[in-house]
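Chemist: fold the following, please.
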Amino acid sequence: MIVLGVPREVKSFFSKSTAKSSRPIQRALVPMVLAFLLAPHRRCLKTIAGEVLAERCHVATISRRLTNPRWRTRDWYVDLYDGLLGEVNAWERRLAKGKRRQWIVAIDTTYHSTMSEQMENLIVMSKRRNPARKNTRQHAFLMGLVLTDRGARLPLPRKSYYTEDYCRKHRRRFRTTIELAAAMIRELRVPDDVDVIVTFDSAFDAGAIHKACRKRHFHAVFPLDPNRVLARTPDQDAALISGEQVVAWTRRWTRKEFALLELAMHNEDHVFARRRHADNLRVKKTKRRYAVAARQATVSKLGDCLIVASYKENPKVQLLPGQSAEWWAYHRTPISYRRENSRTPSRWHRKVLACTDRAATARQVIEWYEVRWQVEVYQPEYTSSAGLYQLAA
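Modeler: Predicted coordinates:
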């Protein structure tokens, strides 16, 4: 496909984000982005350079633009997010009619694999546990997704992760993914009438992120690290004894405390936050079954929070001879932290969640954490629909 020129609507979309840029950048950015999106088949510099007929350029020009420090893509992402946030907020505020709204922010690290071995800023993923598999090399960046209660999706300006060797070579400040996630939470812009729930996996269960959430008055939902312990009692403080591990503590909960919870498309509160294929819109395919229980507790270095012990059923797993289909049998089995055991298919999958909103219910915590998976599927969704996975340059 060859485009004769840049449509007026596309120019208008980028006008606000490039208003502070120089005139050459304003002229070159829009055709280049349009060429990246519309170039057919496997993309390379040659097809991108000649995609927009009225704005053709030399092949080397694309490479120079991508390495030019004046092309501050981060600033453009921020401006585009602010513009999209303003439009979505204006529409949803009218529908809310003065009521407070609730948005969910999902944060996760996204990796982009490459076959190159000499490229800079690569993270090597070792496969020593399986000698048949080769080590993989990845670029990493932090991805954030804002999910509104009306179904809108706002991708947050991404933050790139740079390795220590790369930062040392280029004299940059090294920041871990935890520090990048905390900075993303501090910089998050939301309307004043919105309550924010931040959800992430156990890799981000760190003090810097919890501190950023408390400062912004955000509530967090996340799976507890197995090493988290309950706050020590005065007797334990006197004897210098550590508190009991939270995950092990939940295994002593009685059967009466658990309740079966069934969620489906017709009764879940965050149905608009999900993207489902047309084949998965039947109620039967959207059913999930849980056994959940909740208690309030004081966790060391975390504070007062709601602890939710949950077991999710996977009916597709076939039972072995002698195995039980009831969740209580899995609750009573000893805890195993071995990696090979954690990947063995099981009829009931255990997860211990923590929520800093002590007024929440177990059902709300389960639904909030379920929505976190949307950040996992968002990047493959837009890279496949836009064809960005075919980039060869």
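Chemist: how close does residue 293 get to residue 255?
Modeler: As judged by C-beta to C-beta, to the nearest Å, residue 293 and residue 255 stand 9 Å apart. Quick note: C-beta positions are derived from backbone N, CA and C, even for glycine.
Chemist: sorry, slip of the keys, the one I care about is residue 210.
Modeler: Residue 210 is 32 Å from residue 255, by C-beta to C-beta.
Chemist: between residue 293 and residue 255, who's got more neighbours?
Modeler: Higher neighbour count among residue 293 and residue 255: residue 293, with 19 against 11, using other C-beta atoms under 10 Å.
Chemist: wait, what's in contact with the more buried one?
Modeler: Taking C-beta atoms under 8 Å, 6 or more residues apart in numbering, we find residue 293 in contact with 250, 253, 257-259, 308-310, 362.
Chemist: which secondary structure element of the chain has the lowest mean pLDDT?
Modeler: helix 339-342 (a mean of 54; mean pLDDT, DSSP states H and E).
Chemist: paired strands for the following helix or strand past it, with orientation please.
Modeler: Per DSSP states H and E, the first helix or strand lying C-terminal to helix 339-342 is strand 348-355. Within its sheet, strand 348-355 is paired with strand 219-223 (antiparallel), strand 303-313 (antiparallel), according to DSSP bridges.
Chemist: roughly how far is the shortest one from the heart of the chain?
Modeler: When you say that, I think you mean strand 219-223. 12 Å (C-alpha atoms, centre = their mean, to the nearest Å).
Chemist: residues contacting it, please?
Modeler: Taking C-beta under 8 Å, 6+ apart as the rule, strand 219-223 contacts 195-202, 204-205, 209-210, 213, 351-357, 360, 365, 368-369, 372.
Chemist: please repeat the previous calculation with a cut-off of 6 Å.
Modeler: The set of residues external to strand 219-223 that reach it, using C-beta atoms under 6 Å, 6 or more residues apart in numbering, is 197-200, 202, 205, 213, 351, 353, 355-357, 365, 368-369.
Chemist: can I get that strand as PDB, trimmed to CA atoms?
Modeler: Taking Å, rounded to 0.1, in the frame of the first residue of the first chain, the C-alpha atoms of strand 219-223 are listed here in PDB:
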ATOM      1  CA  HIS A 219      -4.900   1.200  46.700                       C
ATOM      2  CA  ALA A 220      -2.800  -1.700  45.600                       C
ATOM      3  CA  VAL A 221      -3.700  -5.300  44.800                       C
ATOM      4  CA  PHE A 222      -1.000  -7.900  44.300                       C
ATOM      5  CA  PRO A 223       0.000 -11.500  45.100                       C
END
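Chemist: that one - what's its average pLDDT?
Modeler: In this model, strand 219-223 has a mean pLDDT of 96.
Chemist: and residue 145, how far is that from residue 111?
Modeler: Noted for residue 145: a distance of 16 Å to residue 111, by C-beta to C-beta.
Chemist: which of those two has more neighbours?
Modeler: Under the neighbour definition other C-beta under 10 Å, residue 145 and residue 111 were set side by side, and residue 145 has more, 22 against 15.
Chemist: residues contacting the more buried one?
Modeler: Taking C-beta under 6 Å, 6+ apart as the test, what residue 145 contacts is 106, 155, 375, 378.
Chemist: neighbours of the nearest residue to residue 204 once chain neighbours are set aside, just the number please.
Modeler: Setting aside the residues directly before and after it, residue 204 is nearest to residue 181 in space (C-beta to C-beta, 6 or more residues apart in numbering), at 5.4 Å. Using other C-beta under 10 Å, residue 181 is surrounded by 25 other residues.
Chemist: quick one: pLDDT of residue 181?
Modeler: 95.
Chemist: and for residue 171?
Modeler: For residue 171, pLDDT reads 91.
Chemist: now swap in the one 4 residues further on and tell me
Modeler: According to the model's per-residue confidence, residue 175 sits at a pLDDT of 93.
Chemist: pLDDT on stretch 229-244, on average?
Modeler: 71.
Chemist: for the closest residue to residue 262 other than its chain neighbours, give its distance to residue 140.
Modeler: Distances taken as C-beta to C-beta, 6+ apart place residue 289 nearest to residue 262, at 5.4 Å, with adjacent residues excluded. Using C-beta to C-beta, one gets 35 Å for the distance from residue 289 to residue 140.
Chemist: about what we covered before: farthest pair in the contacts of residue 293?
Modeler: 250 and 259 (14.7 Å; C-beta to C-beta).
Chemist: more neighbours: these two, which one.
Modeler: residue 250 (22 against 12).
Chemist: contacts only, for that one.
Modeler: Counting by C-beta under 6 Å, 6+ apart, residue 250 has contacts 309, 352.
Chemist: return the per-residue confidence for it.
Modeler: Reported pLDDT for residue 250: 93.
Chemist: just residue 301 next, same as before
Modeler: We have a pLDDT of 85 for residue 301.
Chemist: just confirm the residue nearest to residue 262 is within a strand.
Modeler: Yes: looking at residue 289 with DSSP: H, G, I helix; E, B strand; the rest coil, it is inside a strand.
Chemist: is it true that it touches residue 261?
Modeler: No: taking contacts as C-beta atoms under 6 Å, residue 289 lies outside contact range of residue 261: 7.4 Å.
Chemist: which residues are in contact with the helix or strand that contains residue 178?
Modeler: Following DSSP H and E, one finds residue 178 within helix 177-187. For helix 177-187, the surrounding residues in contact (C-beta under 6 Å, 6+ apart) are 107, 109, 142, 144, 159, 161, 204, 206, 208-209, 212.
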